[in-house]
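[1] Attaching a predicted model along with its sequence, questions to come.
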Amino acid sequence: MPVRPFNPALAALREQIAAMEGEGGPAREVLPFGVPDLDRRLPGGGLALGCLHEVAGGGNGAVDGAAASCFAAGIAARLPGQVLWCVTQADLFAPGLEQAGLGPDRVIYVEAGDDVSVLACMEEGLRHGGLGAVVADVARLSMTASRRLHLAAKGSGTTGIALRRWRRQQEAYDFGQPTAAMTRWRISVLPSAPLPVPGLGRARWLIELIRARAGESLDIELEACDGTGHLGHPAALADRPAQAVGA
């Protein structure tokens, strides 16, 4: 999939807009993904910490939803400290999160009855200040609610991830509405690369950076999070010479 070249002028303009929106001041700490094509599309060269981010699955229902959960788990796994994960139903598959680097000994699960309760738990977790990250499964996220979460994350320095999961198709339309999140991601499952022997290769994802405040959007195919929470280039791409990759 072709990657758009980095545009310094656009990056500078987005920094000016971010300052006007109140996101200026000292540079934030970031969490690099270790994938240059992805990191340079994000302000500061990585995922901004102490902010709210949105992650959702693609159009393949529960399959893409599971990939989105693992993507969020991979981010949380690379942050120090305990992770508060708020859900409306106890339907997370803990071994899947552990494969993405987030072991069960690091996760505190909170089961709430609805989105309102989940968002309230997420806000309390973000304001606590002693957690590595807070993840919440929500279907609807209004601008007002997202703004509260973003301000709570900025105040404590704890990173928040709103994992957009829908149990009814009509709820998915809410994902297109504006929110205060710093980034918005969509994760879709792709066929894994064939192996020379019988077996399953490492999972592959289409990662869409739909929106990045003061950054650039991007679609990129990568290998799924490994046991340390890191993404990887597909083997065929990683083994190519630098000149071919740049082309």
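    That came through, no problem.
[2] do you know how far the nearest residue to Leu195 once chain neighbours are set aside is from Val87?
    Taking C-beta to C-beta, 6 or more residues apart in numbering as the measure, Leu195 lies nearest to Gly201, with 5.1 Å between them; neighbours along the chain are not counted. Using the backbone N, CA and C atoms, a C-beta is placed for each residue, glycine as well. Separation of Gly201 from Val87 (C-beta to C-beta, to the nearest Å): 30 Å.
[3] the more surrounded of those two?
    Between Gly201 and Val87, counted using other C-beta atoms under 10 Å, Val87 has the larger neighbour count: 19 against 13.
[4] so the more buried one makes contact with Ser117?
    No. Between Val87 and Ser117 there is no contact under C-beta atoms under 8 Å: 10.4 Å.
[5] the helices in the chain, which residues?
    Assigned by DSSP state H, the helices in the chain fall at 8-20, 36-39, 61-77, 94-99, 115-128, 143-156, 235-238, 242-246.
[6] For the residue nearest to Val63 when sequence neighbours are not counted, give me its contacts.
    In this structure, Val63 finds its nearest non-sequential neighbour in Val189, 5.3 Å apart by C-beta to C-beta, 6+ apart. Taking C-beta atoms under 8 Å, 6 or more residues apart in numbering, we find Val189 in contact with 58, 60, 63-64, 67, 203-206.
[7] Pull out the buried residues from those residues.
    Neighbour-count burial (16 or more other C-beta atoms under 10 Å) is assigned, among the contacts of Val189, to 58, 64, 67, 203-206.
[8] Which ones among those residues lie within strands?
    The strands, defined by DSSP state E, take in 204-206 from the buried ones among the contacts of Val189.
[9] export those residues to JSON lines and tack on pLDDT and distance to Trp166?
    Below are these laid out as JSON lines (pLDDT from 0 to 100; distance: C-beta to C-beta, whole Å):
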{"residue": "Arg204", "pLDDT": "95", "distance to Trp166": "23"}
{"residue": "Trp205", "pLDDT": "96", "distance to Trp166": "19"}
{"residue": "Leu206", "pLDDT": "96", "distance to Trp166": "19"}
